[in-house]
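Q: got a predicted model here, sequence first, then my questions.
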Amino acid sequence: MRKHLRFGASASLALVLSVAACGGSATGSGAGSASGRGCPAAPHHAYVVVEHLSGRVLQRCVGFSGSTIDGDQLMRRSRIEYQTQTFSGLGKAVCQIDREPAHFSTCFPKGQPYWALYESRHGAPWVTPSTGYAALKLGDGDALGWRYVPASGSPAPPPPPPRGS
């Protein structure tokens, strides 16, 4: 895997962190989610916010009963389609979300867009996490954010996460 040093520290960190995830599923699926901002009946809720290159935004609220939910479970329960690729020594990287890109043979093709990872705690502004998506532990009101960003320039985070359920 090549490093994207020309993007600046934030983009490089987002790229490395999305690859650094360990564990996970190749395709997201599962029960217990609702589309849009509506939340299922559950003691706790976390969100997934996805912004496509076109600017189209997809949000899901996932209910859970434990005190936290890991990023991999959150993605699977959101029912948002996603694909990963495993990199030796780095773990899994998210290569496709909600069928963008439509096809891929490698997760980070040179000069092509990639999925940047963000997290928000209790509706706070997005930050670049210090770990990969699968290792994140999200609590009630937290959010996992993805933005499909061009291969050049600094990636901006997705729209603000929902506040409350």
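A: Now that the structure is in, tell me what you want to look at. This structure is a prediction, so every number in the text was calculated from the model and none was measured.
Q: only C-alpha atoms from now on, for both contacts and neighbour counts.
A: Will do.
Q: hey, what's the residue nearest the centre of the chain bridged with?
A: Centroid check for the chain by CA atoms, centre = their mean gives residue 146 as the closest residue, at 4.1 Å. Using DSSP bridges, the bridge partners assigned to residue 146 are residue 50, residue 117.
Q: how close does it get to residue 139?
A: Between residue 146 and residue 139 the computed distance is 18 Å (CA to CA, to the nearest Å).
Q: where does pLDDT dip in this protein?
A: For the chain, applying pLDDT under 70 flags the ranges 1-37, 89-91, 163-165.
Q: for it, which segments count as strands?
A: Counting by DSSP state E, the segments of the chain that form strands are 33-35, 44-51, 57-64, 69-70, 82-87, 91-97, 114-120, 137-138, 143-149.
Q: out of those, nearest to residue 107?
A: strand 91-97 (4.8 Å; CA to CA).
Q: and for the residue nearest to residue 42 when sequence neighbours are not counted, the neighbour number?
A: Nearest non-adjacent residue to residue 42, counting by CA to CA, 6 or more residues apart in numbering: residue 63, 5.0 Å away. Counted by other CA atoms under 10 Å, the residues lying close to residue 63 total 25.
Q: next: residue 88.
A: Residue 88: 8 neighbours (other CA under 10 Å).
Q: what's around the spatially closest residue to residue 72 that is not a sequence neighbour, how many residues?
A: Closest residue to residue 72 apart from its sequence neighbours, by CA to CA, 6+ apart: residue 134 at 4.4 Å. For residue 134, the neighbour count with other CA under 10 Å is 24.
Q: touching, residue 134 and residue 69? I think so.
A: No: at 9.9 Å, residue 134 and residue 69 do not qualify as touching, with contact defined as CA atoms under 8 Å.
Q: neighbours of the closest residue to residue 125 other than its chain neighbours, just the number please.
A: With CA to CA, 6+ apart as the criterion, residue 125 has its nearest non-adjacent residue at 6.8 Å, and that residue is residue 160. By other CA under 10 Å, 14 other residues sit near residue 160.
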